[in-house]
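Peer 1: Sharing a model prediction with you, sequence too.
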Protein chains: 2
Amino acid sequence: MKIPKEIVGVLKKETVFFLATHINPDGDAIGSALALASALESMGKKVYVYNKDRIPELYKFMPGHKRFNSSLKNAFTKAPVLVLLDCNSPERAALEQYSFRRSIVIDHHQTETAYGDVRWVVPGAAATGLMIFFLIKAMGVALTKGMATNLYTAIVVDTGTFRYSNTSSEVLITCAELIKAGADPSYIAECLYDRWEKDRFKLLVMTLNNLEIKNDVAMMHITKNMFQKTGTSSEDTENFSNFPRQIKTVKISAFFRDVGGGFWKASLRSKGNINVAKIAELYGGGGHRNAAGFKTRGSLKAVKEKFLLAAEKILRN
Amino acid sequence: MKIPKEIVGVLKKETVFFLATHINPDGDAIGSALALASALESMGKKVYVYNKDRIPELYKFMPGHKRFNSSLKNAFTKAPVLVLLDCNSPERAALEQYSFRRSIVIDHHQTETAYGDVRWVVPGAAATGLMIFFLIKAMGVALTKGMATNLYTAIVVDTGTFRYSNTSSEVLITCAELIKAGADPSYIAECLYDRWEKDRFKLLVMTLNNLEIKNDVAMMHITKNMFQKTGTSSEDTENFSNFPRQIKTVKISAFFRDVGGGFWKASLRSKGNINVAKIAELYGGGGHRNAAGFKTRGSLKAVKEKFLLAAEKILRN
C-alpha cells in the first residue's frame, strides 16, 4: 500500500492532534484510533481521542480503550489538527459544528464529501486498520504489543476474521506481522466471539425458535416480552441477523425487533448479488448491498407480510 | 518449517503411491491427501487415494474429492509406497490388516506408535496441510489453484479459520501464498460455514433448546427422536459442541448424541487450560486438550450426572 507523502509530512510536523472516529464505533474505528494515538505519542505528540458514543462492552479488551473521550471539554485548547478515522465527513463523527485549523481524513469507505485538507481514502482497503499499519511503518515507529492488538482487532472485525471477500494476501501478511509484534489471534477471537452473556445466548435461542423460512427469505423477531424475560436489550442483538444466512437456501435474512411505540427495527442480510439496501430504501432506511436496515410501524404479522412481498420482488429481479 | 531430506528423496525416487488418511476424515486430512496426490502426479507418479469412510457432504467442494476410494480393489497391484497423512498409525486409517513394502508418515498429531519407515511428525504444526505446503515447495512443484484450495481448506479447518491458538504468523504467511496461488478465502468460508441444510439448522435449534449450564459446564443432547423428526443423522451434528463455548461463563461444553443400543457419544470442548481429554480418558475415549470425545452407556440422566461430577473435578484441579 502506498502512503501519500503529505500525510506522513503533516503528522511529523504538527504537534497536537484530535483523533475522531464515527458514531457507533466498531473495532476498526476504535483500533485504528488507538493505534495511531500511541504511535503519535511515541513521537512526542499530544493526542486527544474522541468518540461521541461510548465504547461497546464487546471492545473493552482493546488496549487503551479508556482513553476515548465522549466529551469535548478541554479538547480544543491547543488548536489541534483533526484526524478523522474510518469515516470521511465531520457529520459521521458528530463534529459538524466545529471547525479545525487543519484536517486529515484516513478512511476506507466510499467517500461522501470532499472534506479534509489532506485526504487518504482507499475504498479498496479491507480496513482502516490496515492503512494505519502501513502509515505507522512509514512514520518509522516500532509497533508495540498494544498497537498490534488494536490493529489486528481492527482488521479482524472488518474481514469477519478473514471470511469476507476483502481477505487478501496483503491482509494475511499484515496480520502475520502484527502477530510477530505481539497480537494474540486466539485471545482476540475469544474476546470477540466467546464472551456471550448467558442471557444473551438465551435470547438468541428464543429468537431462533421463531425463525420462519419462506421462498428463500428467513424472518425472525424479538418482542419486548422476550427482552424482559431474558433481561436483555437491543444492544445484545448484535449479529443475530447473520445466523439464518448460514442456511444454504436462505438468500435474504430479516430480523425484526420491537423498539416500542408500535415500531419495529429490521436488520437485513443477504448473500452475493442480492441488494437488500434497495428493500431498506422503500422504508426510508439504508445500508449496503448485503447488510441494511429500516424502521417501520405495524403489527408484527402485517410488517412481516409486507416485507416478504418486497423481498420476493427483489429476488425475482 | 524444515522438511527431512529423506521424505523428499523417497517421494522423488518412488513411482507408485498409496495415500491414506484417518477414518472420519476432516478438511485437513482430505485437503492434505488431495494436494499431495496432485503434486505427485504432476511429477509423473501413479497415486491411489484412499479413505475407509466416505467424504462428508461438507467437504464436497474440495477439488478432486471424488478421487477418494473407499474400496481397496486394485489398490495394491503395483506394490505402492504407503503415505499416511494426518494420522500416524495404520489403525487410524483402518489399514492394520495390510502390509506395505515401504511406508511414510506425515502428521501433526502426537505420535501413538513408531510406525513408518520414514516419519515426519510435527506436533507443533497447526495442520498437516501446512506441512504438505512446505513439502510441495521442497519438491519444486508449482502450486495449482486446486492444490491451493485444498491446502487453504485444510489449514482453515484445523485453525478454526484462524481463531485457535495454533494461528501463528507462519500460518498466515502460508495462507497468503495460497491466496496468491488461487485459493479464495470467502468462497471457502461460505462452503464451510454458510451452506447448512434447513433440517440441520432445525436440529441445532432443537438441541440448543435443551442446553443446561451448571457450574460453568454446559450440556446438551440429541435423541434418536430428534434425528427422526428433522430427518438428520449424526453427520449433521459437526461443530454443534462449539456453540455453548461462546458463553462467557462456560468452561466445558459437552454434547451427547444417541448412537443407538443405549449408547451415547459425547463431544467435549473446553477453553484455555482445561483438559477435557482427561475426562474422555476416564471413559476410554481420547482427544486433545480442548476437544475430546468418548462413548458411554446408560440413561441420559445418569450419563449427564456422572459426566458433570467428572467435569467439576477437572475444574477444581
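Peer 2: That came through fine. Numbering: from 1, shown residues only, chains lettered A, B, ... in the order given.
Peer 1: From the contact counts, what lies against the helix or strand of chain A with the lowest mean pLDDT?
Peer 2: None of the helices or strands of chain A scores lower by mean pLDDT, DSSP states H and E than strand A:286-287, at a mean of 82. In terms of contacts (3 or more Cβ pairs under 8 Å, 6 or more residues apart in numbering or on different chains; DSSP states H and E), strand A:286-287 is packed against helix A:276-282, strand A:291-297. Using the backbone N, CA and C atoms, a C-beta is placed for each residue, glycine as well.
Peer 1: what pairs with that strand, and is each one parallel or antiparallel?
Peer 2: Looking at strand A:286-287 with DSSP bridges, its partner strands are strand A:291-297 (antiparallel).
Peer 1: any idea which helix or strand comes after the strand it pairs with?
Peer 2: Next along the chain after strand A:291-297, taking DSSP states H and E as the criterion, comes helix A:300-316.
Peer 1: Tell me the spacing between A:Gly31 and A:Val156.
Peer 2: Distance, A:Gly31 to A:Val156, using Cβ to Cβ, to the nearest Å: 9 Å.
Peer 1: Give me the contact list for the least confident helix or strand of chain A.
Peer 2: A:268, A:276-277, A:280, A:292-294 (Cβ atoms under 8 Å, 6 or more residues apart in numbering or on different chains).
Peer 1: any idea of the pLDDT on A:Arg289?
Peer 2: Note for A:Arg289: predicted pLDDT of 82.
Peer 1: so what's it closest to, chain neighbours aside?
Peer 2: Spatially, and ignoring its direct neighbours in sequence, A:Arg289 is nearest to A:Asn275 (4.8 Å; Cβ to Cβ, 6 or more residues apart in numbering or on different chains).
Peer 1: quick one: that neighbour and A:Ile314 touch, right?
Peer 2: Yes: using Cβ atoms under 8 Å, A:Asn275 makes contact with A:Ile314 at a distance of 6.9 Å.
Peer 1: all strands for the stretch 151-300 of chain A, in order.
Peer 2: A:212-214, A:217-222, A:252-260, A:263-270, A:286-287, A:291-297 (DSSP state E, counting those that start in this stretch).
Peer 1: Distance from the chain centre to the last one, please.
Peer 2: What it means is strand A:291-297. The chain centre lies 18 Å from the centre of strand A:291-297; the measure is Cα atoms, centre = their mean, to the nearest Å.
Peer 1: Of all the residues in it, which ones are buried?
Peer 2: A:291-294, A:296 (16 or more other Cβ atoms under 10 Å in any protein chain shown).
Peer 1: ok so, going back, so if I had to pick from A:Gly31 and A:Val156, which one is more boxed in?
Peer 2: Legend: neighbour count by other Cβ atoms under 10 Å in any protein chain shown for A:Gly31 and A:Val156, higher for A:Gly31 (34 against 27).
Peer 1: Return the backbone torsion pair for the more buried one.
Peer 2: Main-chain torsions, A:Gly31, degrees, to the nearest 10: phi -60, psi -40.
Peer 1: correct me, but it touches A:Met147?
Peer 2: No: counting by Cβ under 8 Å, A:Gly31 stays clear of A:Met147, with 9.1 Å between them.
Peer 1: Off-centre distance for the least confident helix or strand of chain A?
Peer 2: Mean C-alpha position of strand A:286-287 versus that of the full chain (Cα atoms, centre = their mean) differs by 14 Å.
Peer 1: Would you mind measuring from A:Ile173 to chain B?
Peer 2: 5 Å (Cβ to the nearest Cβ, to the nearest Å).
Peer 1: What is the burial count for that residue?
Peer 2: Neighbour tally, A:Ile173, other Cβ under 10 Å: 18.
Peer 1: my guess is it meets B:Ile173, correct?
Peer 2: Yes: A:Ile173 is in contact with B:Ile173 according to Cβ under 8 Å; the separation is 6.3 Å.
Peer 1: which of the residues in stretch A:68-78 are buried?
Peer 2: So, applying 16+ other Cβ under 10 Å, buried residues of stretch A:68-78: A:68-69, A:72, A:76.
Peer 1: what does stretch A:249-265 give?
Peer 2: Within stretch A:249-265, the residues scored as buried using 16+ other Cβ under 10 Å are A:250-258, A:264-265.
Peer 1: Include pLDDT when you put those residues into TSV, please.
Peer 2: Formatted as TSV, those follow (pLDDT from 0 to 100):
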residue	pLDDT
A:Val250	95
A:Lys251	94
A:Ile252	96
A:Ser253	96
A:Ala254	97
A:Phe255	97
A:Phe256	98
A:Arg257	96
A:Asp258	96
A:Trp264	97
A:Lys265	96
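Peer 1: with the residues you listed in mind, which one is nearest to A:Ser99?
Peer 2: Checking the buried residues of stretch A:249-265 against A:Ser99 with Cβ to Cβ, the nearest one is A:Lys265 at 34.3 Å.
Peer 1: Over to A:Pro63: give its phi and psi.
Peer 2: The phi and psi values for A:Pro63, taken as degrees, to the nearest 10, are phi -60, psi 120.
Peer 1: Grab the nearest non-local neighbour of it.
Peer 2: Distances taken as Cβ to Cβ, 6+ apart put A:Gly146 closest to A:Pro63, at 3.8 Å, once the chain neighbours are dropped.
Peer 1: Quick check: the gap between that neighbour and A:Lys137.
Peer 2: 16 Å.
Peer 1: ditto for A:Asp236
Peer 2: Remark: distance between A:Asp236 and A:Lys137 (Cβ to Cβ) = 38 Å.
Peer 1: what does A:Ala176 give?
Peer 2: For A:Ala176, the distance to A:Lys137 - Cβ to Cβ - is 14 Å.
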